[in-house]
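S.K.: Fold the following.
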Amino acid sequence: MSKFSKLLLTLVLVGTFNGENSYAKTPAKQLFGTKALPAAMEPKVHGFYSKGCVAGAVALPLDGPNWQTMRLSRNRRWGHPTLIKIIEDLSYKAKKDGWNGVLVGDISQPRGGPMLTGHRSHQLGLDSDLWLMPMPNKRMTYKEREETSAISVLKKNSFYVDDSRWTRAHTMLLYHAANFKEVERILVHPAVKKKLCDTVSGDRKWLNKVRPYWGHHYHFHLRIGCPPGSTGCRSQKSTGSGTGCDDSLDWWFNVGLKPPKDPAPPAKKRRELVLSDLPQACAAILKAPDSDVVRATHKVRETAFVAPKINLPKVSAASVLNSKPIEASSAATLSDVRIPIPTPRPKP
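M.R.: Numbers count the residues shown, from 1 in each chain. Next up is the predicted model:
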C-alpha cells in the first residue's frame with residue numbers, strides 16, 4: 001500500500017469512528033465509502049448524480065448468463081433496481097447481436113454517495129460503466145477480475161477509433177443501450193461518437209443520447225433518468241432532439257482534445273463534500289440498518305443458470321484505495337493526457 005493510501009485509510013478510520021462532531025466534519029466519501037451493505041429501505045434516490053445517495057439499492061450478481069462483474073474489491077455493483085434490470089436486459093439484447101457478454105465496471109456504492117476514489121458521479125445508483133470489450137469465453141477468477149485490463153478502441157497515439165478493433169457488435173451494444181426509454185445519456189470518447197456518426201444509417205435518432213466526453217474509450221457510461229417515486233431526485237437538462245453529428249462534434253477534434261498553447265494554471269483543489277452538503281435524506285440512509293445481502297441481490301432471470309463460486313473478501317477501504325484502474329498503465333493514449341478543460345464546450 002502506498003504512503004498516500006495508508007494516510008487516507010487512517011483518515012477514513014479516524015473520521016468514521018471519532019464521534020458525532022467528527023462525523024459531521026468527515027468527508028462524505030469516507031462515510032459512504034466504508035458502508036458494505038445498502039440501507040434496508042424502499043428504493044429511492046435523493047439529489048443529483050454528483051451529489052446524492054440511494055436507499056434500497058440492489059446488487060448486480062457477480063455473474064449472470066451474459067455478464068461478469070469486474071473490480072469486485074471496490075464493492076460498486078449496487079444500483080437502483082431499475083438500472084440493474086436494464087443491465088441484465090441489455091446483456092441479452094447485445095448477445096443476440098454478437099456481443100459475447102457484458103463486462104460491468106463501477107455502478108455505485110451500497111448507499112451511493114461520494115466515492116473514496118474516482119468518479120464524481122455514480123452517487124445515485126443510476127450510472128454504470130460497461131466495458132467496450134466483450135467478456136471472454138470463460139468465467140474469470142476474483143484475481144483476474146481485479147487485474148484484467150480493458151482494451152482501448154482507439155488507434156495508438158490517435159484520437160480516432162481503430163477499425164481493426166471496432167465491430168458491428170460494438171455499434172449494436174450502444175444501439176441497444178440507447179433504446180431503453182429510461183436511459184438518458186451514454187458517454188463515450190469523441191472518437192466513438194464520430195465512428196457512429198460516420199457509419200450508422202437508417203434510424204439515427206438514438207445517436208442523440210450518445211454524448212462525447214473525455215476518456216471513455218475503454219468503457220462507456222450509461223445513465224438513466226430519475227426513477228418514478230424518487231421525488232428528491234434532480235434531473236439533468238434535456239439533450240434536445242439532434243443527433244450530435246454536427247459542428248459540436250468537430251469542436252472536440254479541433255479544440256477539446258488538443259492541449260492548449262498556453263496551459264491554464266492548475267485548478268484549485270475542490271473542497272471535499274461533507275454530509276451536510278448532501279440532501280437531508282442521505283443522513284437517514286447512512287444511519288439506516290443494513291439490508292440482507294441475499295435479499296438485496298438481484299435475482300437472475302434464468303433460474304437454471306449456475307454462477308461460479310467466488311469468495312469475496314471483507315469490504316475494506318484499503319481494498320478500494322488499492323484497486324487497479326481498468327486500463328493498463330502501458331496502454332496510455334493521447335486522450336489520457338491530463339490537459340486543462342477549455343471553455344466553452346459542448347454539454348455531455
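S.K.: Now the helix or strand harbouring A318: average pLDDT?
M.R.: Counting by DSSP states H and E, the secondary-structure element that holds A318 is helix 317-321. For helix 317-321, the mean pLDDT works out to 91.
S.K.: Mind giving me the packing neighbours of that helix?
M.R.: Helix 317-321 is packed against helix 3-16, helix 28-33, with contacts defined by 3 or more Cβ pairs under 8 Å, 6 or more residues apart in numbering; DSSP states H and E. Bear in mind the C-beta positions are built from the backbone N, C-alpha and C, glycine included.
S.K.: Where among those is average confidence lowest?
M.R.: When mean pLDDT is averaged over each of the helices and strands packed on helix 317-321, helix 3-16 scores lowest at a mean of 52.
S.K.: follow-up on the earlier one: distance from the chain centre to the helix holding A318, please.
M.R.: How far helix 317-321 lies from its chain's middle: 18 Å, per Cα atoms, centre = their mean, to the nearest Å.
S.K.: Return the set of buried residues in that helix.
M.R.: Neighbour-count burial for helix 317-321, counted by 16 or more other Cβ atoms under 10 Å, picks out A317, S319, V320, L321.
S.K.: out of those, who's nearest T82?
M.R.: Of all the buried residues of helix 317-321, the one sitting nearest T82 is V320; the distance, using Cβ to Cβ, is 25.4 Å.
S.K.: I'd assumed N75 was in contact with the closest one.
M.R.: Yes. The pair V320 and N75 passes the contact test of Cβ atoms under 8 Å, sitting 7.2 Å apart.
S.K.: Mind listing the shared neighbours of the two?
M.R.: Taking Cβ atoms under 8 Å, 6 or more residues apart in numbering as the contact criterion, no residue touches both V320 and N75.
S.K.: in the chain, which spans are helices?
M.R.: Listed from the start of the chain, the chain has helices (DSSP state H) covering 3-16, 19-25, 28-33, 81-96, 142-147, 168-178, 190-199, 247-251, 281-287, 317-321.
S.K.: most packed of those?
M.R.: For the helices of the chain, the stretch with the most neighbours on average is helix 28-33, a mean of 24; neighbours defined as mean count of other Cβ atoms under 10 Å.
S.K.: what's the offset of that one from the middle of its chain?
M.R.: The answer for helix 28-33 is 17 Å, by Cα atoms, centre = their mean.
S.K.: Okay, now the unreliable bits of this protein?
M.R.: Within the chain, the set of residues satisfying pLDDT under 70 comprises 1-23, 264, 329-348.
S.K.: Enumerate every residue touching W206.
M.R.: Taking Cβ under 8 Å, 6+ apart, one finds Y175, A178, N179 in contact with W206.
S.K.: typo on my end, it should be F253
M.R.: When contacts are counted by Cβ under 8 Å, 6+ apart, F253 touches F159, P190, K194.
S.K.: wait, the second one sits on P212?
M.R.: Read that as P190. Yes. If you go by Cβ under 8 Å, P190 and P212 touch, sitting 3.9 Å apart.
S.K.: Can you pull the residues that touch both of the two?
M.R.: Residues within reach of P190 and of P212 at once, by Cβ under 8 Å, 6+ apart, are L249, W252.
S.K.: circling back to that earlier point, which of the helices of the chain sits closest to M41?
M.R.: When those are ranked by distance to M41, counting by Cβ to Cβ, first place goes to helix 281-287 at 6.7 Å.
S.K.: burial count for T117?
M.R.: The burial metric for T117, expressed as a neighbour count using other Cβ atoms under 10 Å, is 16.
S.K.: how far away is it from V320?
M.R.: 6 Å (Cβ to Cβ, to the nearest Å).
S.K.: separation between the closest residue to Y142 other than its chain neighbours and S91?
M.R.: Of all residues not flanking Y142 in the chain, I310 sits nearest, at 5.3 Å (Cβ to Cβ, 6 or more residues apart in numbering). Relative to S91, I310 is positioned 18 Å away (Cβ to Cβ).
S.K.: about what we covered before: CA atoms of the helix holding A318 as PDB?
M.R.: Once side chains and other backbone atoms are set aside, the C-alpha atoms of helix 317-321 remain, and they are given as PDB (Å, rounded to 0.1, in the frame of the first residue of the first chain):
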ATOM      1  CA  ALA A 317     -11.300   1.000   2.500                       C
ATOM      2  CA  ALA A 318      -7.700  -0.400   1.900                       C
ATOM      3  CA  SER A 319      -9.000  -2.600  -0.900                       C
ATOM      4  CA  VAL A 320     -10.800   0.300  -2.600                       C
ATOM      5  CA  LEU A 321      -7.800   2.600  -2.400                       C
END
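S.K.: hang on, the earlier thing: redo the helices of the chain as CSV? Include distance to P136.
M.R.: Supplementary listing: those in CSV, determined by distance: least, Cβ to Cβ, whole Å:
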stretch, distance to P136
helix 3-16, 30
helix 19-25, 44
helix 28-33, 30
helix 81-96, 14
helix 142-147, 9
helix 168-178, 15
helix 190-199, 22
helix 247-251, 33
helix 281-287, 37
helix 317-321, 24
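S.K.: which residues sit against stretch 138-148?
M.R.: Contacts of stretch 138-148 from elsewhere in the structure, counted by Cβ under 8 Å, 6+ apart, are 63, 68-73, 307-308, 310-312, 323-324.
S.K.: what about that stretch, start to end distance?
M.R.: Using Cα to Cα, to the nearest Å, the span of stretch 138-148 from its first residue to its last is 13 Å.
S.K.: Tell me the gap between that stretch and the middle of its chain.
M.R.: Between the centre of stretch 138-148 and the centre of its host chain there is 19 Å, according to Cα atoms, centre = their mean.
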